[in-house]
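Q: Prediction below, plus the sequence it came from.
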Amino acid sequence: DQRPPPPAFRPLSLLRDLFMNIPQRAVREIRDLHPAAIVASWRALRRISTADVTRAQPEGRSHKRMQASSPSLHFECHRRRIGRLSSCRPSPCHHNRHPHPNDERPPTTPLTMGMKPLRQRSLKTRVTLFTLLIFLASIWSLEFFVSHRLRDDIHQLLAKQQFSTVSFMAAEADRELERLLATLGRTASQMHADLLADKAGIRSFLNDRPVLLNQFSGGMIVIGADGIALAEVPESARRVGINYNFLDPVSSALNEGKSSISSPRIDPSLQTPVFSMTAPIRDEQGAVIGALAGVVDLARPNFLDQITERRYGESGFYLLEDARTRHIVTATGRTRLMEDLPPPGSNALIDRFVDGYDETGVMTDSDGRTLLVSSRRIPAADWFIVAALPDDEAFALIHDMQGYMLQAALVLTLLAGGLTWWMLRRELAPMLSAIKTLTALSDTKQPPQPLPNASHDEIGDLIDGFNGLLATLGEREQALQTTLNF
């Protein structure tokens, strides 16, 4: 036999050359070996592949050292290199089944053990939460914008409506005051100098005009040129002999011949809040010889009841205020009579009303309530009428609508979350099925099988691509096995 002796048997060198080089070179070297050497090498490979050297190496080791100390790991890397995979790490399933007792590195978590944390950070959860976040940001931003915009619009609408109401009330009160002042002037024009000298005649003259007496609930007084009261009706007030020159309307009528309306005051005789109207009495030559005054008792029914008996809304009210003395003349329910207004500088809106501005604004009263307030001037008496409506009632409609929008937003949020979760669960069902199949295959020694695919979208394309990769890897592994068995 002229055949040369077989080369020296070196199993590790054979394995390194066999699995580091391309299969064709390995085949040529196997053909040059003696059959006994091939059998011994294969047995050494089987023995080494099941030994403890399959444990994972620390990350600080070089790739060559890993290859030399763990051929089975090198074999796994070679298989992945053939499949054109970039990773060269040890197989998790292999080294987890045979952990080395001296290995300080914790074993890799199997796929089944990592499913619970993955579910907590699953794609469905993230997409659902992100969708809900966008929806919530949109719906609540819309609710905030619409609520404030609606509040401003309704505020302007209520302000216009309230100002129109108070303007109508002020026009009515001014018309009534002008009418009474004109009636008083016509009555004074019917009196003459001879009548002023007869006190009984004066009382008879006034008693013959019951309609006028009904308008002036505090009585009527005839004042002489010196400002002293000559007669009155009714006589129970006992005003005769009192000098009324201290009253501006009386002095204005006697000295200037003008009819005017006084500010509210407490009458010494009646001990009630009153105000009066005064008209001059002239002789045949037009000279002022006296004055006729009509007194309105604010504590008794009077022509201002059209204001005091009305209520603005359910909890709103009206105020009739005197700009000269900063007193409340009367109010809804005939309350707050002669009450002082806040001092100048303490309430800017009231100061503007006193200065003659007709407008609408928001203020806080002494009880801490926020009010929507409108004011309108009454020129005949230099008064102004105020309509006030509490903020709770003024914006009750807005509060109700905000409640409805809040309920709608909550319902839409729950509906959007449920529909999003259901849709994602339905669309990701093929991927979840593939994950379960891979989890089951990772726990068995069976070769990878193609994943079922019933989807025709991007997920289906992904599964098809993965199945194609499995088929390619299977073909390459079969070719490698055929080469090794050759």
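A: Done, it's in. Residues are numbered from 1 along each chain as shown.

Q: Quick one: the strands in the chain, in order.
A: Assigned by DSSP state E, the strands in the chain fall at 219-224, 229-233, 260-261, 265-266, 273-282, 288-297, 317-322, 327-331, 360-364, 370-378, 383-390.

Q: Which among the ones you listed is found nearest to residue 449?
A: strand 370-378 (74.2 Å; CB to CB). Glycine gets a C-beta too; all of them are placed from N, C-alpha and C.

Q: which outside residues touch that closest one?
A: With contact meaning CB atoms under 8 Å, 6 or more residues apart in numbering, strand 370-378 is reached by 155, 158-159, 162-163, 165-167, 169-170, 173-174, 177, 320, 349, 353, 356-365, 383-391, 394.

Q: Give the partner strands of it in its sheet and their orientations.
A: Based on DSSP bridges, the strands next to strand 370-378 in the sheet, each with its direction, are strand 360-364 (antiparallel), strand 383-390 (antiparallel).

Q: among those, which is the most enclosed?
A: Looking across those with neighbours counted as mean count of other CB atoms under 10 Å, the highest average goes to strand 383-390: a mean of 24.

Q: Off-centre distance for that one?
A: Averaging C-alpha coordinates over strand 383-390 and over its chain gives two centres that are 31 Å apart (CA atoms, centre = their mean, to the nearest Å).

Q: same check, this time on stretch 458-471
A: Its chain's C-alpha centre lies 48 Å from the corresponding centre of stretch 458-471 when counted by CA atoms, centre = their mean.

Q: what's the span of stretch 258-274, first residue to last?
A: One end of stretch 258-274 to the other measures 20 Å (CA to CA, to the nearest Å).

Q: typed the wrong thing, it's stretch 449-467
A: For stretch 449-467, the first-to-last residue distance is 8 Å (CA to CA).

Q: Report the separation between the closest residue to residue 460 other than its chain neighbours and residue 129.
A: Counting by CB to CB, 6 or more residues apart in numbering, residue 460 lies nearest to residue 453, which is 5.4 Å off, once chain neighbours are set aside. Relative to residue 129, residue 453 is positioned 28 Å away (CB to CB, to the nearest Å).

Q: Those two: which is more packed in?
A: residue 453 (17 against 12; other CB atoms under 10 Å).

Q: Low-confidence regions, the stretch 101-250 of the chain specifically.
A: For the stretch 101-250 of the chain, applying pLDDT under 70 flags the ranges 101-124.

Q: try 90 this time
A: Counting by pLDDT under 90, the stretch 101-250 of the chain contains low-confidence ranges at 101-159, 169, 192-200, 209-215, 217-218, 234-239, 245-249.

Q: In it, mark out all the helices, start to finish.
A: Ranges of helices in the stretch 101-250 of the chain, per DSSP state H, counting those that start in this stretch, are 115-120, 123-189, 193-196, 199-207, 210-215, 248-256.

Q: Kindly reformat these as TSV containing distance to residue 311.
A: Compiled in TSV, the helices of the stretch 101-250 of the chain are given as follows (distance: least, CB to CB, whole Å):
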stretch	distance to residue 311
helix 115-120	61
helix 123-189	12
helix 193-196	45
helix 199-207	36
helix 210-215	24
helix 248-256	31
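
Q: Figure out which of the ones you listed is closest to residue 284.
A: Of the helices of the stretch 101-250 of the chain, the one closest to residue 284 (CB to CB) turns out to be helix 193-196, at 8.2 Å.

Q: who's in contact with that closest one?
A: Taking CB under 8 Å, 6+ apart as the rule, helix 193-196 contacts 201, 202, 205, 222, 224, 230, 281, 283, 289, 290.

Q: Equivalent analysis for stretch 385-403, please.
A: Applying CB under 8 Å, 6+ apart, the contact partners of stretch 385-403 are 143, 147, 150-151, 154-155, 158, 162, 165-166, 169-170, 173, 307, 312-321, 353, 362, 365, 369-376, 378.

Q: Rounded mean pLDDT for stretch 409-425, please.
A: For stretch 409-425, the mean pLDDT works out to 81.

Q: ugh, wrong one, I meant stretch 381-400
A: 85.

Q: same thing with stretch 297-304?
A: For stretch 297-304, the mean per-residue pLDDT is 86.

Q: hmm, back to that, which of the helices of the stretch 101-250 of the chain is buried the deepest?
A: Among the helices of the stretch 101-250 of the chain, ranked by average contacts under mean count of other CB under 10 Å, first place goes to helix 248-256 (a mean of 18).

Q: Can you check what angle separates that helix from strand 288-297?
A: Here helix 248-256 runs at 170 degrees with respect to strand 288-297, directions being taken by axes from the mean of the first three to the mean of the last three CA atoms, to 10 degrees.

Q: And helix 248-256, what does it pack against?
A: For helix 248-256, the helices and strands in contact under the criterion 3 or more CB pairs under 8 Å, 6 or more residues apart in numbering; DSSP states H and E are strand 260-261, strand 273-282, strand 288-297.

Q: got the ones you listed as a markdown table, with mean neighbour count and distance to residue 410 columns?
A: Rendered in a markdown table, the data for the helices and strands packed on helix 248-256 read as follows (neighbours: other CB atoms under 10 Å; distance: least, CB to CB, whole Å):
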| stretch | mean neighbour count | distance to residue 410 |
| --- | --- | --- |
| strand 260-261 | 21 | 59 |
| strand 273-282 | 24 | 55 |
| strand 288-297 | 23 | 58 |
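
Q: With distance to residue 401 added, can I get the ones you listed in TSV?
A: Compiled in TSV, those are given as follows (distance: least, CB to CB, whole Å):
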stretch	distance to residue 401
strand 260-261	46
strand 273-282	43
strand 288-297	45
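
Q: Can you say which of these is nearest to residue 125?
A: Ranking the helices and strands packed on helix 248-256 by proximity to residue 125 (CB to CB) places strand 273-282 first, at 73.7 Å.

Q: thinking again about what came up before, which of the helices of the stretch 101-250 of the chain sits closest to residue 466?
A: Ranking these by distance to residue 466, with CB to CB as the measure, places helix 123-189 first at 16.8 Å.

Q: Of the helices of the stretch 101-250 of the chain, give the one that comes closest to residue 437.
A: When these are compared by CB to CB, helix 115-120 sits nearest residue 437, at 13.1 Å.

Q: Any idea how many residues pack against residue 346?
A: Applying other CB under 10 Å, we find 9 residues neighbouring residue 346.

Q: List the contacts of it.
A: Shown in contact with residue 346 (CB under 8 Å, 6+ apart): no residues.
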